[in-house]
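Engineer: When you get a sec, could you give me coordinates for this:
(2 chains)
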Number of protein chains: 2
Amino acid sequence: MSERSGGWSVCPIPISRYPRVVMAHGGGGRIMARLISDMFRAAFDNAELNQGHDGAVLDVSAHAASGGRIAMTTDSYVVRPLRFPGSTIGAMAVNGTANDLAMCCAEPRWLTTGFILEEGLAMETLWEMVCSMADAAALAGVHIVTGDTKVVEHGRGDGMYINTAGVGLVRPGADCRAQRVEPGDAVILSGDVGRHGMAVMTVREGLEFEAEITSDCAPVWPTVRAMLEAGIDIHCLRDATRGGLASAVVEIAEASGTSIHLTESAIEVQPQVAAACELLGFDPIYVANEGRFVAFVPSRQADAALEAMADTLPGARPSVIGRVEASDPGMVALRSVIGGERIVDMLSGEQLPRIC
Amino acid sequence: MSERSGGWSVCPIPISRYPRVVMAHGGGGRIMARLISDMFRAAFDNAELNQGHDGAVLDVSAHAASGGRIAMTTDSYVVRPLRFPGSTIGAMAVNGTANDLAMCCAEPRWLTTGFILEEGLAMETLWEMVCSMADAAALAGVHIVTGDTKVVEHGRGDGMYINTAGVGLVRPGADCRAQRVEPGDAVILSGDVGRHGMAVMTVREGLEFEAEITSDCAPVWPTVRAMLEAGIDIHCLRDATRGGLASAVVEIAEASGTSIHLTESAIEVQPQVAAACELLGFDPIYVANEGRFVAFVPSRQADAALEAMADTLPGARPSVIGRVEASDPGMVALRSVIGGERIVDMLSGEQLPRIC
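Structural biologist: Sure, this is the predicted structure:
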């Protein structure tokens, strides 16, 4: 917590009295009310949250005049461990849900948060994750407007699970869905892949590499907004989270009834991520990311899209990784570095448990 | 499941192959995709959900023209056991969140659902709870528009936890918040209290009474809508869930800086609920409800409010249970059946764990 700049580096719940979360922190009485007011409201402070009601009332009228569509999404976060190089469950809970809204061409605005805490969780850990959420929300420009806290008995959870749901304002004119993907579209990947999953796995397995692998967890809305403002007719966006780049692309191929042809050499993977994948037996295109997405745009706009995306996310280099074709509906093929072409399928089961 | 009328009484996931939830059901691959398409989409079927995107795009423009405010809320549900007389975790997850929207004078419209499933959960149980959600959503008039599924290892959960978040359309002109409660307001309770908590507890404790105690879990929007349509100037609404009627009223007294004087004899408690409370040592005004709320209205409109509320919820008899006064800001007093007056405080800790 030493790097916090917000001025609230000290946990506001007296640690001497409540060093750990107890069942009463979810009991609906005075102890829960104090946790909410002293910790959650203090950290997430904003006008909507401060209404202090069962729900938050949000004004969409100004927006509605120019379009009137909202996007709504949810994700639960059960990642283990709670912190790992480059991110935490708290930052993921904010960015992951905000990014799902961005994938609808919606500006992320409001989040809810539901905590399921395990009895015995260190109060300092809860505070650290709450600060992590507050920082991520500030960076992503979203407000956490209402929430809920439940506590389950020791052994019925795993530290903490977080659900966030989000509402965003869909940009007027945007029409972004798998059904719009068509032959001729260029497939753009927003940056290198495989970092998030490998960052979590190397911590879990206690592995060390010369260069640290850090999660790519970050807000992607600035990148999407730049594309929209450049007039790119985005046909579809999909973030490459659980199941990785491969599963995201297969889903789009199946939903659009097209085939998608990827070029392996165009897909950036950091050397240390490639090494970790090699060692643990994973294919980086199936590994989860938390700040990367694929965009399907008309090929004539591909260069303009790349230009708009450039420098919107530090360290990410967007590139065209493939092309949509009409033949073999639902198929995804990958041309390997040595020239062969192989069929890419969705994972049949799971590769990495509890990665997000 | 035998009483289902929707025509989908058979679990759509082949039980012979997947009798229980496995980690791969949350792994982001083919097995998860099948669970989503064959079970969740089949049961929750609606146009917004069928967009099949990361989030759902919702049109609020028609509404926005007449006001432009939405309400947003969330709750996680960790009740144990998953089914009990009168309701299930699935029905609670729909009604509880929809009711929080109603407490903002908002018509509940759209819900998200986040499942955290424990590895080993019987697939039939998941299906039963999903059907329960679908039925409750149909009854409450809400659509489940998007969702998320996570699976945690056996021993890291407890069957299933459900988070729902909701968005509703605030009725034009409504201004409902604790700060509007003022001296002279009548306090109306929408029905009898204590049933939900005692229904869960009696099942957990294996108790039997002559008359079964059933949860009051039900949608309250029809009651709120009737009040609004009758022109009642609702100052504040609060549902009496965790912490019960007492905690809800104390919260309002504190937030509004008024005192609230309740009359015990006006608070209806079913005889079997009173008996169970007596036996287990609970005070019914602290026991959780899932279909009851308090409304603060100008006293001159109290009779009109009662008239509007009548017959909107089968079996519930609304009544005036108290009055708001200016003296002793933040205090709640209860005049007992035998004439004495006692101070009512919020629970200090918790009374009933995992009740909602």
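Engineer: what's the closest non-adjacent residue to residue A:298?
Structural biologist: residue A:233 (5.9 Å; C-beta to C-beta, 6 or more residues apart in numbering or on different chains). All C-beta spots, glycine's among them, are computed from the backbone N, C-alpha and C.
Engineer: ok, now which ones touch that neighbour?
Structural biologist: For residue A:233, the contact set (C-beta atoms under 8 Å, 6 or more residues apart in numbering or on different chains) comprises A:297-298, A:301.
Engineer: Might you report the residue contacts of the nearest residue to residue A:324 once chain neighbours are set aside?
Structural biologist: Leaving aside its sequence neighbours, residue A:324 sits nearest to residue A:185 (C-beta to C-beta, 6+ apart; 4.1 Å). Neighbour list for residue A:185: A:235, A:258, A:296-299, A:323-324 [criterion: C-beta under 8 Å, 6+ apart].
Engineer: Okay, now the unreliable bits of the stretch 101-250 of chain A?
Structural biologist: For the stretch 101-250 of chain A, no stretch is flagged by pLDDT under 70.
Engineer: who in it is up against chain B?
Structural biologist: A:101, A:103-104, A:106, A:110, A:112-116, A:145-148, A:150-153, A:155-158, A:161, A:163, A:165-168, A:170, A:177-178, A:238-239, A:241-244, A:247 (C-beta under 8 Å from any C-beta of the partner chain).
Engineer: List buried residues within those residues.
Structural biologist: Taking 16 or more other C-beta atoms under 10 Å in any protein chain shown as the criterion, what is buried in those is A:101, A:103-104, A:106, A:110, A:112-116, A:145-148, A:150-152, A:156-158, A:161, A:163, A:165-168, A:170, A:177-178, A:238-239, A:241-244, A:247.
Engineer: Quick one: mark the members of these that sit in strands.
Structural biologist: A:106, A:110, A:112-116, A:145-148, A:150-152, A:161, A:163, A:165-168, A:170, A:238-239 (DSSP state E).
Engineer: Would you map the strands across the stretch 201-350 of chain A?
Structural biologist: Taking DSSP state E, counting those that start in this stretch as the test, the strands found in the stretch 201-350 of chain A are A:236-239, A:259-263, A:293-298, A:319-325, A:332-335, A:341-343.
Engineer: Single out the most deeply packed of the ones you listed.
Structural biologist: Each of these was scored by mean neighbour count; the highest is strand A:236-239, a mean of 25, by mean count of other C-beta atoms under 10 Å in any protein chain shown.
Engineer: Neighbouring strands - and their directions - for that strand?
Structural biologist: Sheet pairing for strand A:236-239, assigned by DSSP bridges, gives strand A:293-298 (antiparallel).
Engineer: Give me the angle between the longest helix anywhere in chain A and strand A:160-170.
Structural biologist: Determined from DSSP state H, the single longest helix within chain A is helix A:123-140. Orientation note: helix A:123-140 sits at an angle of 10 degrees relative to strand A:160-170 (axes from the mean of the first three to the mean of the last three C-alpha atoms, to 10 degrees).
Engineer: Which positions in helix A:123-140 come out as buried?
Structural biologist: Quick answer for helix A:123-140 (16+ other C-beta under 10 Å): A:123, A:125-137, A:140.
Engineer: Let me see the contact set for the residue most central in space within chain A.
Structural biologist: The C-alpha lying nearest the average C-alpha coordinate of chain A belongs to residue A:96 (C-alpha atoms, centre = their mean; 2.3 Å). Residues in contact with residue A:96, defined by C-beta under 8 Å, 6+ apart, are A:75, A:77, A:164, A:217, A:241, A:290, A:356.
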